[in-house]
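S.K.: Task: produce atomic coordinates for the following.
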Amino acid sequence: MNAAYRQLTIFQALMTGHIVSKADLATQFRVSPRVIQRDLSQIRQFIAEQHLFYELVYRRQLGGYQLITTQTTVSKQAILVLIKIALASRALTRAEMTQTIDGLLALISPKDQSEITPIIKNERFYYQPLQHEQPLLDLIWQLSQYITQKQAITITYQRQHRDLVTRTILPAAIIFSEYYFYVIAYNPKYQHNLFYRIDRIRHLQTTSQTIARQRGERVEEGEMRQYLQYMQPGKKITLQFKFWGIPEAALDRFPTAKITARHPNEGAVLITTTTFDTGAKMWLLSQGANVQVLAPQNFVADIQTELNQMLARYSASSSV
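M.R.: Below you'll find the predicted structure:
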């Protein structure tokens with residue numbers, strides 16, 4: 001075995017997290033410890049010359065040499081959390097989810113990978129992607145580039161009832177919510193920022209058309225998330241409702257929410273928040289008898305109308 005092959009073998013062992021002993025290596029390769037010391041010195045020199053984010057150090061308590069990273073790395077705990085979130089999202093195809101998980105695991109040592117693999121094994125096996133089965137990774141990256149470049153694009157978009165439309169838009173932000181990725185884009189035809197589900201984009205291409213927005217029409221996605229529910233913008237309102245459920249459930253749903261009064265005799269709290277009305281109505285109706293909307297009055301009337309329509313459907317079905 002020549003020196004180059006021996007050094008590559010040692011370097012591979014170090015890269016895969018092994019502790020290498022000079023005496024053990026000398027026995028394995030049938031050379032003197034001095035030769036192994038020279039090999040290790042050359043590996044150390046190679047790391048320095050190539051500006052790799054590693055350092056070869058001697059661990060006295062372990063009785064050997066170890067390759068440690070000098071770059072800030074993500075912890076195995078963070079990798080586990082990210083994988084769990086990705087699996088729960090169901091947003092990617094099975095192939096893309098496999099690619100994503102394997103890529104995240106590659107950021108940590110083999111030992112850490114071996115700890116995480118059995119924890120996620122069951123979820124990986126039973127992973128069920130969403131019905132659209134559209135690859136998204138490349139498309140999301142492409143849209144992100146257009147946002148950075150302020151590039152207008154023309155898309156062929158499949159609407160809710162499966163009909164196709166063509167829209168020329170200026171992408172402004174990408175948001176993930178309730179299983180889906182959305183691109184928020186300014187549509188000059190409607191002079192408004194609209195939401196487009198990325199999995200429904202069937203084709204896109206750049207356009208030479210210049211789309212100008214006013215300062216007030218620019219998207220502040222961080223701020224928007226404070227008021228947005230189920231990706232339904234609607235009209236911004238100051239909402240007030242009495243809640244009999246677990247208060248944290250409502251406070252977490254509405255980031256700007258505060259408890260403004262408590263009613264211990266009723267087991268309820270009064271919550272005030274600023275939010276968009278359409279998505280808020282969807283969540284409030286899902287809470288059944290645990291919620292009573294108090295303000296604004298026109299929104300109360302809207303909720304009452306919706307409840308009456310719901311009751312009418314059940315009344316009609318029971319009479320059939």
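S.K.: SS state for the residue nearest to residue 101 when sequence neighbours are not counted?
M.R.: Closest residue to residue 101 apart from its sequence neighbours, by C-beta to C-beta, 6 or more residues apart in numbering: residue 83 at 5.5 Å. Yep, even glycine has a C-beta here, placed from its N, CA and C like the rest. Secondary structure assignment for residue 83 (DSSP: H, G, I helix; E, B strand; the rest coil): helix.
S.K.: shaky segments in this protein?
M.R.: Flagging of the chain using pLDDT under 70 yields the residue ranges 1, 71-73, 216-217, 317-320.
S.K.: Tell me the buried residues in stretch 162-169?
M.R.: By neighbour count with 16 or more other C-beta atoms under 10 Å, stretch 162-169 contains the buried residues 167, 169.
S.K.: Can you tell me how far the residue nearest to residue 101 is from residue 34?
M.R.: Counting by C-beta to C-beta, to the nearest Å, the separation of residue 83 from residue 34 is 45 Å.
S.K.: Which of those two has more residues huddled nearby?
M.R.: Taking neighbours as other C-beta atoms under 10 Å, residue 83 and residue 34 compare with residue 83 leading, 20 against 10.
S.K.: returning to that earlier point: how about the residue nearest to residue 101, what does it touch?
M.R.: 101, 104, 105, 116, 120 (C-beta atoms under 8 Å, 6 or more residues apart in numbering).
S.K.: out of the residues you listed, who's nearest residue 8?
M.R.: Of all these, residue 105 has the smallest distance to residue 8: 24.0 Å, by C-beta to C-beta.
S.K.: max-length strand in the chain?
M.R.: For the chain, the longest strand by residue count, based on DSSP state E, is strand 164-177.
S.K.: Run me through the strand neighbours of the helix or strand that that one is followed by, direction for each.
M.R.: Sequence order places strand 180-187 as the next helix or strand after strand 164-177, per DSSP states H and E. Applying DSSP bridges, strand 180-187 is found paired with strand 164-177 (antiparallel), strand 192-197 (antiparallel).
S.K.: quick one: which of the ones you listed is nearest residue 92?
M.R.: strand 164-177 (11.0 Å).
S.K.: so how far is the closest one from its chain's centroid?
M.R.: Distance, stretch centre to chain centre, for strand 164-177: 18 Å (C-alpha atoms, centre = their mean, to the nearest Å).
S.K.: Okay then, goodbye and thanks.
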